[in-house]
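Participant: Prediction below, plus the sequence it came from.
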Amino acid sequence: MTEEAYDELLRGDGYHMLRGLISPEEAAAVRELTLSRLHEGADQNGQIAIRDILHWGLAIHNMVTHPKLLALAHKLLGPDAALAAVSARVLPPNCPPGGLHVDYPYWAMNPGMPVEPALMMQVIWMMEPFTPHNGGTWVAPGSQLWDSSPNLERFEANAIQATGEPGDAVVSHGLLWHRTAINHAEEPRVAILINYTQLAVRPMTPLGPFDEAFLSEASEELRSLLVLDYAKALRDRVGSHIKRNEAAD
Ligand SMILES: O=C(O)CCC(=O)C(=O)O
């Protein structure tokens, strides 16, 4: 799975569908949790973004550290990949579509952005069925390779809507052109968004601080993703870089 998804993200459609990562019941519980916390969110042009939801507890931790996602994140971004953001996105009924974009850090960079190695991987978790009717995300297959700023005309000529079942996830290269859709349904549509980056990418908004109670419950995998000691993570990276160079001599 990891090998196929890796190739798809870098050289194929730029995204890969992972089915049934959590059960429909688990997804429904996270959907309810999200809807009970809408007051933590901010309006984003008619849609609701709830940032930094790690403190919501174990269900979110388990999604962030799902073994299939971590295997891919580590292959794509390195064994010391970092968690850059975890948020919820709610599309209220009849919300307007979101703006066409690529994700951070790519939109903040000068032209000539590297596809490979990737700097960022995004995960769009479906907490209910995603359909064209309720706002399945629009993505343009292969657009990570288009080497230009997103433009609506090219996007609209190529884009398709990601659809799936509760507990599925779309994993994508950070350079994939995408936008949120209109929700024509009568119920809000809920997604959980997770972004992983290479260690060296400066987070847009640093996660944390994390108190002792939080850290004592965090798994090894989660602590590693939080890069609690950046200087040490860099020392480890220098160490393995030097070892690699020595091996090559
Ligand atoms: O909620 C969605 O449909 C996807 C949102 C998204 O990927 C983004 O805004 O970067």
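Facilitator: All right, it came through fine.
Participant: can you pull the buried residues of stretch 128-136?
Facilitator: By neighbour count on 16 or more other C-beta atoms under 10 Å, the buried set for stretch 128-136 is 128, 129, 130, 131, 134, 135, 136. Where you see a C-beta, it was placed from the backbone N, CA and C, and this is true even at glycine.
Participant: now, which of the residues you listed sits nearest the ligand?
Facilitator: Distance ranking of the buried residues of stretch 128-136 against the ligand, using C-beta to the nearest ligand atom, places residue 135 first at 6.3 Å.
Participant: And the strands in the chain?
Facilitator: Remark: strands assigned in the chain by DSSP state E are 15-18, 42-44, 47-50, 82-91, 120-126, 138-139, 160-161, 169-173, 178-179, 189-197.
Participant: how about CSV for the ones you listed, with mean neighbour count and distance to the ligand added?
Facilitator: CSV is the format used below for the strands of the chain (neighbours: other C-beta atoms under 10 Å; distance: least, C-beta to the nearest ligand atom, whole Å):
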stretch, mean neighbour count, distance to the ligand
strand 15-18, 20, 10
strand 42-44, 11, 8
strand 47-50, 20, 8
strand 82-91, 23, 4
strand 120-126, 25, 5
strand 138-139, 22, 8
strand 160-161, 14, 9
strand 169-173, 26, 8
strand 178-179, 22, 6
strand 189-197, 25, 4
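Participant: Which among the ones you listed is found nearest to residue 103?
Facilitator: strand 120-126 (5.4 Å; C-beta to C-beta).
Participant: tilt between that closest one and strand 169-173?
Facilitator: 160 degrees (axes from the mean of the first three to the mean of the last three C-alpha atoms, to 10 degrees).
Participant: what's in contact with stretch 206-219?
Facilitator: Stretch 206-219 has contacts (C-beta atoms under 8 Å, 6 or more residues apart in numbering) with 52, 54-55, 58, 61, 65, 83-86, 223, 226, 228.
Participant: Endpoint to endpoint, it covers what distance?
Facilitator: The straight-line separation of the ends of stretch 206-219 (C-alpha to C-alpha, to the nearest Å) is 19 Å.
Participant: and what of stretch 11-18?
Facilitator: Its start and end residues considered, stretch 11-18 measures 18 Å (C-alpha to C-alpha).
Participant: Name the residues of this structure found near the ligand, please.
Facilitator: Neighbours of the ligand within the chain, by C-beta under 6 Å from any ligand atom: 89, 98, 103, 124, 137, 178, 180, 191, 193.
Participant: how many other residues sit next to the third one?
Facilitator: The number of residues packed near residue 103 is 23, by other C-beta atoms under 10 Å.
Participant: Could you do residue 154 as well?
Facilitator: 15.
Participant: Same question for residue 243.
Facilitator: Neighbour tally, residue 243, other C-beta under 10 Å: 10.
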